[in-house]
Structures are given as structure tokens and as C-alpha cells.
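Undergrad: next come a sequence and a model predicted from it.
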Amino acid sequence: MKRASSPVIGWREWVGLPDLGIPKIKVKVDTGARSSSLHASNLRNFKKDGEQWVRFHIHPTQRKKDLVIEAESRIIEYRSVRSSSGKATVRPVIITNVEILGLTWPVEITLASRDEMGFRMLLGREAVRNRFFVDAGKSYYGSKLKQKKKTPHSTPDDLRTLEKEQQ
């Protein structure tokens, strides 16, 4: 049982992955998923100091391919993971630090293609266990990135008023 003073996070959050060079990536906090998963492409295995490593590309922004971060990490193991669709795949597992709400801790993360998913990363229950309470009804307790303000749609009355003012 976790103390009542545990910080609260929402079902969506912005987290940092400093070891991988990612200041912010939007994650889905998924207590239904045991492990965490990061979207990675172009995986290339190599040896470094006698250990297995992987170099990979990360597109940290959903639906945008223009920002590519190349990262590398030591592989701690390969693990069979069953996706939400029921398909099992063997994925490399890395350990990297995660930052949220001013806290940083190491998390095991599987690397997989998440192109078709709504989030570039899942933060599973093992990563948040005994650290946070998850408020499934709210988002962005850590912070919400500032987005461009959307211009309101003009109504016909707004256009008529504007035309009169310009005359």
C-alpha cells in the first residue's frame, strides 16, 4: 500500500527521457500494461565492450517524421510481449531514466514500432508502481506543452461586423 502523500499523475503525461536525448515525449500511462514501450525504428544491434547494444531512431512527436533522434542503449534482454491486439513479438529491452514531476528513476522499456498507436510511448504499471497514484480522469499533472492558439471560426455575423468596421 502506497502512502497518501504519493504524487498524482494523469492518464496522459509529458515525460523526459534524458539518457536518450528526449526532453519531452507524450506518454499514455497504462496501468493495464505491465511493461513500458517506446516507439523505435531502424534498430541496429552492435557490440560495445563485449555487451549487446542497440542504436535506433525515435520520432518523439506523433504523426511527424521530420524530427528524428538517434539514440543507443545497452540491451538487457529480449522479451516476448503480447500487444493489445493479442500478437506476441520478441522485443529488445533497455533501461533508461524517466523524468516527471521533478522525479527521475530508471525504467525497463521495450522497443517496438508504435506507428499505428496513438502515443509514441506507454508507461506501464511496473514503471509507476509505488511511485504515483494515477488519476484516470485527468491529464498532464506534470505540465501541458504550450500549443499554438487556434483562431476561432468566423461566423457570418462576425464577417458582416468586420466589413462594416472597415467601411
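TA: Looks like it came in fine.
Undergrad: in three-state terms, label G137 for me.
TA: On the three-state scheme (DSSP: H, G, I helix; E, B strand; the rest coil), G137 is labelled coil.
Undergrad: so who does it touch?
TA: W11 (C-beta atoms under 8 Å, 6 or more residues apart in numbering). Every residue, glycine included, has its C-beta placed from N, CA and C.
Undergrad: ok, it to D30 distance?
TA: Noted for G137: a distance of 15 Å to D30, by C-beta to C-beta, to the nearest Å.
Undergrad: any weak-confidence spans in the protein?
TA: 1-4, 114-116, 144-167 (pLDDT under 70).
Undergrad: can you show me the strands along it?
TA: Applying DSSP state E to the chain gives strands spanning 8-10, 12-17, 22-30, 36-39, 41-48, 51-58, 69-82, 88-100, 103-112, 121-124, 133-135.
Undergrad: neighbouring contacts of the fourth one?
TA: Strand 36-39 is contacted from outside by 17, 58-59, 81, 91, 107-115, 117, 120-124, 126-127, using C-beta under 8 Å, 6+ apart.
Undergrad: I'd assumed L122 was in contact with A33.
TA: Yes: assessed by C-beta atoms under 8 Å, A33 is found in contact with L122 at 5.4 Å.
Undergrad: neighbours of H39, how many?
TA: Other residues lying near H39 total 21 when counted by other C-beta atoms under 10 Å.
Undergrad: returning to that earlier point: export the strands of the chain to JSON lines and tack on distance to S143?
TA: Below are those laid out as JSON lines (distance: least, C-beta to C-beta, whole Å):
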{"stretch": "strand 8-10", "distance to S143": "11"}
{"stretch": "strand 12-17", "distance to S143": "6"}
{"stretch": "strand 22-30", "distance to S143": "9"}
{"stretch": "strand 36-39", "distance to S143": "20"}
{"stretch": "strand 41-48", "distance to S143": "27"}
{"stretch": "strand 51-58", "distance to S143": "21"}
{"stretch": "strand 69-82", "distance to S143": "20"}
{"stretch": "strand 88-100", "distance to S143": "9"}
{"stretch": "strand 103-112", "distance to S143": "13"}
{"stretch": "strand 121-124", "distance to S143": "16"}
{"stretch": "strand 133-135", "distance to S143": "15"}
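Undergrad: nearest to Y141 among these would be which one?
TA: Nearest to Y141, of all the strands of the chain, is strand 8-10, at 5.1 Å by C-beta to C-beta.
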